[in-house]
Structure formats: C-alpha cells, structure tokens
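[1] fold the following for me, if possible:
(one chain, ligands or ions: 2)
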Amino acid sequence: MNLILTKTHLFVNFHLFLWVCHVFLQNLHQYIKYKKMKVAVVGATGMVGNVMLQVLAERNFPITELLLVASERSKGKQITYKGKTYTVIGLQDAVDAKPDIALFSAGGTTSEAWAPKFAEVGCTVVDNSSAWRMDPSKKLVVPEINGNVLTKEDKIIANPNCSTIQLVMALAPLHKKYKMKRVVISTYQSVSGTGVKAVEQLENETKGVKGEMAYHYPINRNAIPHCDDFLDNGYTKEEMKLVKEPKKILGDDSFSVTATAVRIPTAGGHSEAVNVQFENDFDLGEVRKLLAETPGVVVQDNLDTNTYPMPIYAHNKDEVFVGRIRRDESQPNTLNMWIVADNLRKGAATNTIQIGEYLIENALVGTEVV
Ligand code: NAP
Ligand code: 2RA
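    Ligands and ions are numbered 1, 2, ... in the order given. Presented below is the predicted three-dimensional model:
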C-alpha cells in the first residue's frame, strides 16, 4: 500500500515539477532581470503605436527605459504609460539615446530613412511598415511560425502586413500537413488598417459631418476594392503583399496565391474569405483539430449555434479566429474558410511585441543578467 502511495506521489510530484518548469519557461522573460532594456516606440502617437503601448503594458514587457517617438509635429506631447507621463521626442533624440529595441510603426518612408540609423547604434528594430518585408537580407517574422530564423545579427526585422499575419497563422499548420497548391483570398478590411485619418472619415460620415477624406470615396455604407496604391499589373500593393509575404514566411514559394483586397466600413478587425487547394486530400474534422491545436488560433465553427468569427468579437483580442470551414465541392482537395483577427493587435502591435519577446527570451538582444 505504502509502495503504491509512494509511486503515486512520485508520479504526481514529477508531473507537478514538469508543469512548474513549463509555466516558468513560458514566462521566462518576466523573471530575467536585464541590466537595461531601453525600448523606443516609434510612431507612438499613431493607431498602431497606441495599441503597442497597451500591449506592452498588458504583457509586462521588461522595459527599464521607455522612449516615445513621433514626428516633429508631436514633439513635446505627453503620453501616459503605466501611470507615468512621458514626453514625445523626435527621431534623432531617440537614436542618440541608443535604445536596445525600437518598435517602429511610423510608415515606410520613416522606416527606410531611420531604421538603419537606429541599427547603426546597436539597436534592434522591429518594423511594421512594408519598407523591409521583401528585402532578401531582412527576416519577415510571425514568431509562432518562423521565430527560429532570428539571430543576434538581425538588426532590422520586418513585421508582416496585418492581412498576411492572420492568413499565415491559419495556413501554416494546414500547409505542413496537406501542402498548399493554390490560395485565393478575398479580404474585407477595416478602416483602422488605413490609420487615424480613415477612422475619422468613417466617424464623420456616420454622424453626417463633413471632414477630411482618407479614401477617394465615402466608406460608410460602401465597399471599396482599393487598399493601398495600384501597381502596373492591376493589383494593389495590399493584394501583392498577400501574394508575396506568405511564401517568405513559410519559406516555400512552390504554391501560388491570388488576392482581392476590399475596404469595408468596420471600425476594427480584418476578415478574409480564403480558398485553399492542397496537393493532398484532407478530412474536415482533422482540419478543425489541427487549427484548434495551433497556438494563437481559435476555431469558431458551429452552424447549429450560428457560431463563426466576426470582427466586432475579435476586437482587442490577440487570437486569429477561423470558421465556416468547409469543403469546396467544385474541385478536389480544396477548402474554404473565413479568417478574422484584430488588425491592430495580432496584425501589428502584438506580433511586433511577440518578436521583441522572442529576441529577449532567446538572448538575441540587450544585456541579460539572471
Ligand atoms: P497612423 O495612425 O497614421 O500613425 C502614424 C504614426 O507615425 C504617428 O505616430 C506619426 O506621428 C508617425 N509618423 C508619421 N510620419 C513621421 C515622421 N516623419 N517621423 C516620425 N514619426 C512619424 O498610422 P498607423 O495605422 O498607426 O500605421 C503606422 C504604420 O504601421 C504604417 O507603416 C502601417 O502600414 C503599419 N501597419 C498598420 C496596421 C494597421 O492595421 N493600422 C497594421 C500593420 C501595419 P505624428 O502623430 O507625429 O504624425
Ligand atoms: C491595411 N495593410 O490597409 C494595411 C494595414 N497594414 O489594412
């Protein structure tokens, strides 16, 4: 009897020990003490910058000194972070302060001009713009998928486009299992993806107030098939981001992609209708299971209860929601699904900060003292 009890105790204690180790490793970045982790948020006054500060605080990112950076227009503005007030500074002052990490969300032109200057003083830049994404010398990272490509030498790291991140989060586990052949994407993108000016345009139009226009047309009660600029091939830049970025993140250009990106009058959260043809056949139950087991992905798919993802319910969440999972009956090995995520969180701020956490957890940045 005693022997059985001892064996049971040993078994329980061993599993308890494993669980404590697991929790400790998951939160390692919170326990490690850093001599310094000077963090600059570039574009702190913008839509993404604002959410970035919210997410940094929520996740208790290990900041020992915070620099809030924006354009000359915002210099001197006051922003509160974790109850402390900070004065917004300019880019040169931030470079002179030599931060360890700079989280950029200030547009492509600012990134092109300034990310290298931050990198030159030893700072690691994680950039939200499209400036570096397709540069072969820069990594394009969704930590859950390809965080392992990062090294200490990567001084400018690109965060993928918002509509790409939610797409690849759902595609990656399916590609691994069934091998994608062709992907057809139609997006339904919120105005927050364009920035502050577009959110104001929608607000003004709903109130019937005249104001500055972010789009060529009214967005309220409309759907505009035009996200970002048009290119010579007739596609928009947003559509071509969806074509090119998944291949770089998944490290595989053997599949083909085509996309149509549409702006709709939702305040936050991008939605995507995605049709994927695989090399190999799949079982729908197994597809749901694979997605449900993917960290960061939540399956919402129950027709009996009208359960499917919607942008208002994805708001302020970090997960990518997948539903309407069904077979495309028009051709073999083909799946339809509906993918929704908060474009300002997993599509931008959260993914950027997860990259920062990955760098810290793997000692790829800063000076670590445990
Ligand atoms: P936003 O609301 O217009 O904010 C832009 C930010 O950049 C502001 O803080 C602005 O500062 C700053 N900025 C502009 N010009 C600058 C300059 N010359 N020097 C320094 N700072 C400057 O735009 P957003 O939506 O946050 O987007 C920011 C970036 O993130 C863009 O590259 C965008 O493509 C990317 N992104 C956005 C989303 C999204 O869903 N919105 C998702 C992924 C990536 P001031 O306030 O001083 O002008
Ligand atoms: C959008 N691609 O237009 C932008 C956000 N990065 O939604």
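[2] residues touching the nearest residue to Thr334 once chain neighbours are set aside, list them.
    With CB to CB, 6 or more residues apart in numbering as the criterion, Thr334 has its nearest non-adjacent residue at 3.7 Å, and that residue is Asp328. C-beta here means a position set from N, CA and C on the backbone, and glycine is covered the same way. Applying CB atoms under 8 Å, 6 or more residues apart in numbering, one finds that Asp328 lies in contact with 275, 277, 334-336.
[3] where do the helices sit along the chain?
    2-26, 28-31, 47-58, 91-96, 108-120, 143-146, 162-178, 196-207, 237-250, 284-292, 311-314, 350-361 (DSSP state H).
[4] buried residues in stretch 135-147, which are they?
    By 16 or more other CB atoms under 10 Å, the buried positions in stretch 135-147 come out as 138-147.
[5] same question but for stretch 279-292, I mixed them up
    282, 287-288, 290-291.
[6] check contacts around the closest residue to Lys248 other than its chain neighbours.
    Sequence neighbours aside, Leu140 is the residue nearest to Lys248 in space, at 4.8 Å (criterion: CB to CB, 6+ apart). For Leu140, the contact set (CB under 8 Å, 6+ apart) comprises 133-134, 158-160, 245, 248-249.
[7] can I get the residues you listed in a markdown table with neighbour count and pLDDT?
    A markdown table is the format used below for the contacts of Leu140 (neighbours: other CB atoms under 10 Å; pLDDT from 0 to 100):
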| residue | neighbour count | pLDDT |
| --- | --- | --- |
| Arg133 | 22 | 98 |
| Met134 | 15 | 98 |
| Ala158 | 28 | 98 |
| Asn159 | 30 | 98 |
| Pro160 | 26 | 98 |
| Glu245 | 24 | 98 |
| Lys248 | 21 | 98 |
| Ile249 | 25 | 98 |
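[8] nearest to Tyr81 among those residues?
    Ranked by distance to Tyr81 (CB to CB), the contacts of Leu140 are led by Asn159 at 20.5 Å.
[9] that closest one against Gly356, yeah?
    No. With contact defined as CB atoms under 8 Å, Asn159 does not count as touching Gly356 (10.3 Å).
[10] which neighbours do the two share?
    Counting by CB under 8 Å, 6+ apart, the residues touching both Asn159 and Gly356 are Val126.
[11] so which of the contacts of Asp328 is the most crowded?
    Leu335 (20 neighbours; other CB atoms under 10 Å).
[12] any idea how far ligand 1 is from the closest residue to Arg182 other than its chain neighbours?
    Computed as CB to CB, 6+ apart, the closest residue to Arg182 that is not its neighbour in sequence is Gln277, at 4.5 Å. Per CB to the nearest ligand atom, to the nearest Å, Gln277 is found 28 Å from ligand 1.
[13] now do Gln277, the pLDDT please.
    Listed pLDDT for Gln277 reads 98.
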